[in-house]
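In: okay, sequence plus prediction incoming.
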Amino acid sequence: MEPIIRFENVTFFYPKADVAVTDDDRVAEIVDPSEITQVFRDLTIDVPPGVTSLVGQNGTGKTTFLLLAGARVFPAMGRVVVENAESGVFRSAAIDPAVEEERNKLVSFVYQNMEFETAEPIGGLMEHVFSEGSRSRSEAGFLKELTTYLELDSCLNKKTQELSKGQLQRAIIAFSLLYGSRIILMDEPVFALEEEQKSRVFSYLVDFAHRTDTSILYSAHNLELTSQFSDYLMLFAKDGSIRIGPTAELFARDTIEQAYQVPYDLLYRKEYLYREMLNKTTRPSS
């Protein structure tokens, strides 16, 4: 299969806080190791179509990988190709609405802990996103389907600032599917949901991806969910290496332990503590 995302010799780093950077060209010029926090060096990897979960410890590059794949940040060296488009063609998306729209129809991004206030209720926003996106208007039943499966019926007359964190996460997922991007990237999209809701949402996402030929990449700390609800696994190890393969083949106890450098049985406790930390910094979940 042709990859939907290809990294070719990608090097990426963040300038340290005390280094002044005014534009992307300055980032590319920085070569002093003391001025940077390097995330990737000469990374070459292909992501196949389908549902891919990104798994690994905090600080191993999962979010940065998604940002690069979504043309939200750009490599210092090498290139990222999304379908047949090199990500660099979207550099002006922040200042050019036409370029931004072109990028978003190709690849959209659900950020972790998204919070925003709206003047309109969720129901009206869902209608607007559907009408402005690239999904066919003949799929009118899709709006009702999403409302039902994501349990948003009670939220349609509420504004985003009136929702619990869990409700807001489900609404944001609905927006991303309604818009109709060919590739959807999600960074920790369900951490505030109850366990039963997480399984329900991920089950729907996998089914949606398969029947609409949409590719979804998501990061999650819940290993049980990623093992059940993904076609492919990207395993980010603490030593900086990344492995990708079919989830059924790559998700094994010894492989996970090697990547995390933590006994497998302790990982579930770490996942619980991480979710508790995130929930304490946000509105109540439900």
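Out: Thanks, I have the structure now. What you see is a predicted model, and the numbers here were worked out from it, not measured in a lab.
In: residues in contact with residue 220?
Out: Counting by C-beta atoms under 8 Å, 6 or more residues apart in numbering, residue 220 makes contact with 53-55, 188-191, 226. For every residue, glycine as well, the C-beta is placed using N, CA and C.
In: could you dump those residues into JSON lines with pLDDT added?
Out: Output for those, formatted as JSON lines (pLDDT from 0 to 100):
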{"residue": "53", "pLDDT": "95"}
{"residue": "54", "pLDDT": "95"}
{"residue": "55", "pLDDT": "91"}
{"residue": "188", "pLDDT": "90"}
{"residue": "189", "pLDDT": "90"}
{"residue": "190", "pLDDT": "87"}
{"residue": "191", "pLDDT": "82"}
{"residue": "226", "pLDDT": "89"}
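In: from what I can see residue 52 touches residue 209, true?
Out: No. Contact between residue 52 and residue 209 fails when scored by C-beta atoms under 8 Å: they sit 9.9 Å apart.
In: mind checking which of these two has more residues around it?
Out: The neighbour count for residue 52 versus residue 209, taken as other C-beta atoms under 10 Å, is higher for residue 52 (24 against 21).
In: closest to the centroid, which residue in the protein?
Out: Residue closest to the average C-alpha location in the chain (C-alpha atoms, centre = their mean): residue 186, at 2.1 Å.
In: that one: helix or strand, and which one exactly?
Out: Per DSSP states H and E: residue 186 is located in strand 183-187.
In: now that strand: average pLDDT?
Out: With pLDDT averaged residue by residue, strand 183-187 scores 96.
In: now do the buried residues in it.
Out: Neighbour counts over strand 183-187 (16 or more other C-beta atoms under 10 Å) mark 183-187 as buried.
In: which of the contacts of residue 220 has the most neighbours?
Out: residue 54 (29 neighbours).
In: what sits against that one?
Out: Applying C-beta under 8 Å, 6+ apart, the residues near residue 54 are 62, 65-66, 217-220, 234, 236.
In: just the helices in the chain please.
Out: Along the chain, counting by DSSP state H, helices occupy 24-29, 62-69, 97-106, 122-132, 140-149, 165-179, 195-212, 223-228, 247-250, 253-260, 264-280.
In: which outside residues touch stretch 151-170?
Out: Residues from elsewhere that reach stretch 151-170 (C-beta under 8 Å, 6+ apart): 114-123, 125-126, 146-147, 150, 171, 174, 189-194, 197, 200-201, 279, 282-286.
In: now do the residue lying closest to residue 108 once chain neighbours are set aside against residue 209, distance only.
Out: Closest residue in space to residue 108, ignoring its immediate chain neighbours: residue 181 at 3.9 Å, by C-beta to C-beta, 6 or more residues apart in numbering. Remark: distance between residue 181 and residue 209 (C-beta to C-beta, to the nearest Å) = 12 Å.
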